[in-house]
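K.L.:
the sequence and its predicted three-dimensional model are supplied below.
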Amino acid sequence: MLQIDLFRIDDRLIHGQVMTNWLKRSGAKRIIIVDDLVAKDQFSLQIFKFAAPPGISVEAFTIEDAAALFTDPGQPDEKVVVLAKTPVAPLELLKAGVKFSLLNVGGMGAAPGRKQYYRNISMSDEELEMLREIKRMGVPVEFRILPDDNPKMLDE
């Protein structure tokens, strides 16, 4: 089965050196974007494929299709990095039975209705409540931009 080595929220998804650093730490050779819009937009997906480091495959799935992928025991035993733009995808995947051990929040830009919580991480009250629900479901939530940064946990 696929092993989620890193599940990261970053509204930029694949962002140059940031993702390169995370992939070096992980050792994964496959990025799975879980986003309903990107999964249906081949042009955007091509841009993300070009932005990925050499040798890294990039795929995009809707939340529903990602849930089926991650719960399929016939998938190869392979480490993957999963990216989402907001807490919606990780929360829905947890509810669908997908297992991961940590949620990394690395970038959620400022927008109307969002407050800044940590460096370049802003969120609405609803998004914050989703992260709290993920934590209540047993998955720790950390705020960390780069792998060498000291993580700040949701409770902090």
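P.N.:
Looks like it arrived, so ask away.
K.L.:
what ranges do the helices span in this structure?
P.N.:
16-26, 36-39, 42-51, 63-70, 88-95, 125-136 (DSSP state H).
K.L.:
quick one, which of these is nearest to residue 2?
P.N.:
The minimum distance between residue 2 and the helices of the chain falls on helix 63-70, with 5.8 Å, by CB to CB. In short, each C-beta sits where N, CA and C put it, glycine included.
K.L.:
packing partners of that closest one?
P.N.:
strand 30-34, helix 88-95 (3 or more CB pairs under 8 Å, 6 or more residues apart in numbering; DSSP states H and E).
K.L.:
measure residue 26 to residue 109 for me?
P.N.:
Taking CB to CB, to the nearest Å as the measure, residue 26 falls 24 Å from residue 109.
K.L.:
quick one: which of the two has more around it?
P.N.:
A side-by-side neighbour count of residue 26 and residue 109, using other CB atoms under 10 Å, places residue 26 first with 17 against 14.
K.L.:
what sits against that one?
P.N.:
Residue 26 makes contact with 5-6, 79, 81 under the criterion CB atoms under 8 Å, 6 or more residues apart in numbering.
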